[in-house]
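Student: Sequence plus the predicted model coming up.
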Amino acid sequence: MTQASEAAAGEVWLPDWAWADGAMQPAWAVAVAGGRIAASGPAPAIQRAHPGWRAVPLPRRLLLPGTVNGHSHSFQILMRGMGEDDNFFSWRSRVLYPVSERLSRNEMAWGAELAFADMLRHGVTAVADFFYLNDRGIDNALAVAEAARAVGMRLVLARTFYDWDGAPARYRETPAEAARNTRALAAALQGDPLTTVQVAPHSPHGASAPMIEAAVAAAEELDTKLHVHVAEGEYERQQVLAQHGASPVAWLDQLGAVSRRSVLIHAVWTDAPDWDLIADRGAAVIHNPASNMILGDGIAPVPALLDRGITVGLGTDGGCTNDRHSVLDEMRMAALLQKVHARDGQAMDAATAFRMGTIGGADALGIPVGRLEAGWAADAWAVDVGDLSLLPGPPTIGHVVYALAATAVDAVWVAGRQVVAHGQPLHLDPERVRWAASWQGRGARG
Ligand SMILES: [Zn+2]
């Protein structure tokens, strides 16, 4: 035994159950040191192999790998309650653009803090924030990174390249400005253990060909992923076909924007040649089922993508087109949507949905999370298997994807640091909650 005065080399987490190696494992142990998983396996063997490490008993708990929110716009939480029951164009002109024009840097950052805290308490441990309120600089994005740091969220800051002149001026830059600012942002956050800067040309409707090409070059230069909205609505497919004689995915490919770096957001209005192209290039897709349903976009062809070996992750999208921040909800929605679309209850199973919400998102974003396995980041969450939503036991992955309620979430860790206890974010400033509860920034509805 180690003396009490001697610092332990690490911790051994001891849940009653864990989802590891693609199966529900009883009496599991996860050894954690330096923010990473050192070992994962049956409890007796792991404990024997780590004498002197601090045991952390997690009785009546199921330990799950942290979920990955592959696509979000954190500031849009401030529009929650304003954009529902609308279609894309009306939502964009009535809610998104006017509110975007009004937000201060503090409001963006405080909104982000609330959105990230809301995600954490639903078991999300990493998020890609697709950020375009740039004001031709990097200070707003740095404020969002600070918000993630404050609450303990792992962040991929997908810094947008945008130049369509129909949008608010504060989204827009020239290609050279966008490249320069993204370079500066990456330099400012270099070495940050929890934040990664990636490149994000907005979409075929929000970025011109020169802007998309500048983003492709920046992603090469900085060696990052390349996030791009594509084929979300039917209108975009028709518009790009009419203008360029190619599908949106094929047109992006002509600009060099479909590659192993690419994280294609939505990909709803795609067909078999698009799927073959995405598979061929090694690009990934982020599926946002709740957002697609709220805006009436359509149903993404997820089984066809998975059949081709394409990496598919899940995203919540913004807080006013969902309106939840739970990847667990997206797993449930993803599976149910494919079942109803195919009129086949076997169209997608719970394990596939869970894999998309963890490993799929992690691989799409290129970050070392999503598994309770040695060598991966110690990002995890523990749920109470005695919660009414998980009875009767023993827990299955079906319990997790279809039944688990937020009331079951007990603890969440990011890089081995606890960020949620008893279901509550530990590091959220209560002042943010008071501020948001009486926020006067919504303005008149347009
Ligand atoms: Zn989006």
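Tutor: It's in.
Student: where in the stretch 301-446 of the chain is pLDDT low?
Tutor: 442-446 (pLDDT under 70).
Student: what do you get if the cut-off is 50, keeping everything else the same?
Tutor: 444-446 (pLDDT under 50).
Student: what are the ranges of the helices in it?
Tutor: For the stretch 301-446 of the chain, the helices defined by DSSP state H, counting those that start in this stretch cover 302-307, 327-342, 350-355, 361-365, 397-398, 430-437.
Student: Among those helices, which comes closest to Ala207?
Tutor: helix 361-365 (19.9 Å; Cβ to Cβ). To be clear about C-beta, it is placed using only N, CA and C from the backbone, and glycine gets the same treatment.
Student: picking up where we left off before, turn the helices of the stretch 301-446 of the chain into a markdown table, columns for distance to Ala250 and mean neighbour count.
Tutor: Below are the helices of the stretch 301-446 of the chain laid out as a markdown table (distance: least, Cβ to Cβ, whole Å; neighbours: other Cβ atoms under 10 Å):
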| stretch | distance to Ala250 | mean neighbour count |
| --- | --- | --- |
| helix 302-307 | 16 | 18 |
| helix 327-342 | 24 | 22 |
| helix 350-355 | 27 | 22 |
| helix 361-365 | 21 | 28 |
| helix 397-398 | 37 | 18 |
| helix 430-437 | 43 | 13 |
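Student: center of the protein, which residue is that?
Tutor: With distances taken as Cα atoms, centre = their mean, Asn69 lies nearest the centre of the chain, 1.6 Å away.
Student: Please parse the protein into its domains.
Tutor: Split into domains by automatic domain parsing, the chain comes to 11-66+371-425, 67-365.
Student: highest average neighbour count across those domains?
Tutor: domain 67-365 (a mean of 21; mean count of other Cβ atoms under 10 Å).
Student: circling back to that earlier point, so which of the helices of the stretch 301-446 of the chain gets nearest Ala147?
Tutor: helix 430-437 (9.1 Å).
Student: Taking helix 327-342 as reference, get the angle to the longest strand along the chain.
Tutor: The longest strand of the chain (DSSP state E) is strand 54-65. Interaxial angle, strand 54-65 versus helix 327-342 (axes from the mean of the first three to the mean of the last three Cα atoms, to 10 degrees): 30 degrees.
Student: Who does the helix or strand following strand 54-65 pair with, and is each partner parallel or antiparallel?
Tutor: Once the chain leaves strand 54-65, the next helix or strand it forms, by DSSP states H and E, is strand 67-72. Next to strand 67-72 in the sheet, as set by DSSP bridges, lie strand 124-131 (parallel).
Student: chain center to the strand it pairs with: distance?
Tutor: For strand 124-131, the separation from the chain centroid amounts to 4 Å (computed by Cα atoms, centre = their mean, to the nearest Å).
Student: do stretch 310-326 as well
Tutor: On Cα atoms, centre = their mean, the centre of stretch 310-326 falls 7 Å from that of its chain.
Student: Just send the helices of the stretch 301-446 of the chain back as TSV, with distance to His202 too.
Tutor: Formatted as TSV, the helices of the stretch 301-446 of the chain follow (distance: least, Cβ to Cβ, whole Å):
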stretch	distance to His202
helix 302-307	22
helix 327-342	22
helix 350-355	28
helix 361-365	18
helix 397-398	35
helix 430-437	27
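Student: check contacts around the closest residue to the residue nearest to the centre of the chain other than its chain neighbours.
Tutor: Closest residue to Asn69 apart from its sequence neighbours, by Cβ to Cβ, 6 or more residues apart in numbering: Val127 at 4.1 Å. Neighbouring residues of Val127 by Cβ atoms under 8 Å, 6 or more residues apart in numbering: 68-69, 72, 74, 116, 119, 148, 153-156.
Student: Of all pairs in these, which one spans the longest distance?
Tutor: Val68 and Ser74 (15.0 Å).
Student: Show me what the closest residue to Gly10 other than its chain neighbours is bridged to.
Tutor: Counting by Cβ to Cβ, 6+ apart, Ala33 is the residue found nearest to Gly10 once chain neighbours are left out, at 3.1 Å. Beta-bridge partners for Ala33, by DSSP bridges, are Arg36.
Student: so Ala33 makes contact with Ala7?
Tutor: No: assessed by Cβ atoms under 8 Å, Ala33 is found out of contact with Ala7, at 11.2 Å.
Student: Out of the contacts of Val127, flag the one nearest to Asn322.
Tutor: Ser72 (9.0 Å).
Student: The helix or strand containing His229 packs against which elements?
Tutor: His229 is part of strand 226-230 when elements are defined by DSSP H and E. Secondary-structure packing of strand 226-230 (3 or more Cβ pairs under 8 Å, 6 or more residues apart in numbering; DSSP states H and E): strand 124-131, strand 195-201, helix 209-222, helix 248-254, strand 262-266.
Student: Extract the C-alpha set from stretch 183-195 and format it as PDB.
Tutor: These are the backbone C-alpha positions of stretch 183-195, laid out as PDB (Å, rounded to 0.1, in the frame of the first residue of the first chain):
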ATOM      1  CA  ARG A 183      -3.500  31.700 -38.800                       C
ATOM      2  CA  ALA A 184      -3.500  34.300 -35.900                       C
ATOM      3  CA  LEU A 185      -6.200  32.400 -34.000                       C
ATOM      4  CA  ALA A 186      -4.300  29.100 -34.400                       C
ATOM      5  CA  ALA A 187      -1.100  30.700 -33.200                       C
ATOM      6  CA  ALA A 188      -2.900  32.300 -30.200                       C
ATOM      7  CA  LEU A 189      -4.300  28.900 -29.100                       C
ATOM      8  CA  GLN A 190      -1.400  26.700 -30.000                       C
ATOM      9  CA  GLY A 191      -0.500  24.400 -27.200                       C
ATOM     10  CA  ASP A 192      -3.900  24.700 -25.500                       C
ATOM     11  CA  PRO A 193      -4.600  21.200 -24.200                       C
ATOM     12  CA  LEU A 194      -8.300  21.300 -24.800                       C
ATOM     13  CA  THR A 195      -8.800  23.700 -27.800                       C
END
